[in-house]
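A.B. asks: Predicted model and sequence follow; I will ask about them next.
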Amino acid sequence: MRKINGEEYKEYSLKTMWNITAEMIQEKYFNEHQLDFNPFVDQEFNDARQARNANRKILQNMPEKRKMSAVALKSDE
């Protein structure tokens with residue numbers, strides 16, 4: 001998943017989008033088909049979860065894509 005300009009989303013944004021999408025799929029299946037479906041544990045979504053996790057690990061190694069920790073800041077920053 002990339003931005004329109006081709007850049008990668010930040011790591012925490014990617015996780016948030018995945019969780020929101022999974023919840024929307026779960027709601028859609030229940031409302032339209034009365035199926036109790038959980039994409040967080042479903043085996044069919046395993047490949048997508050693994051790809052997402054691999055991409056998140058890559059993004060975590062990029063300082064400009066990481067969420068800055070308040071602990072990491074020095075007093076002069």
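C.D. replies: Nice, thanks for sending it over.
A.B. asks: Could you pull out the buried residues of the helix or strand where residue 24 lies?
C.D. replies: Counting by DSSP states H and E, the element that carries residue 24 is helix 11-33. Neighbour counts over helix 11-33 (16 or more other Cβ atoms under 10 Å) mark 11, 14, 18, 22, 26 as buried. The way it works is simple: take the backbone N, C-alpha and C, and place the C-beta from them, glycine included.
A.B. asks: In the chain, where is pLDDT below threshold?
C.D. replies: 1, 64-77 (pLDDT under 70).
A.B. asks: so how far is residue 36 from the residue nearest the centre of the chain?
C.D. replies: Centroid check for the chain by Cα atoms, centre = their mean gives residue 15 as the closest residue, at 2.0 Å. With distances taken as Cβ to Cβ, to the nearest Å, residue 15 is found 24 Å from residue 36.
A.B. asks: How about residue 10?
C.D. replies: On the measure of Cβ to Cβ, residue 10 and residue 36 end up 33 Å apart.
A.B. asks: More neighbours: those two, which one.
C.D. replies: Between residue 10 and residue 36, residue 10 has the larger neighbour count (other Cβ atoms under 10 Å), namely 16 against 8.
A.B. asks: ok, the more buried one touching residue 60?
C.D. replies: No - shown here, residue 10 and residue 60 do not form a contact pair, counting by Cβ atoms under 8 Å, at 9.9 Å.
A.B. asks: Pretty sure residue 15 sits against residue 57.
C.D. replies: No - under the criterion of Cβ under 8 Å, residue 15 is not in contact with residue 57, lying 11.7 Å apart.
A.B. asks: picking up where we left off before, residues contacting the residue nearest to the centre of the chain?
C.D. replies: 52, 56 (Cβ atoms under 8 Å, 6 or more residues apart in numbering).
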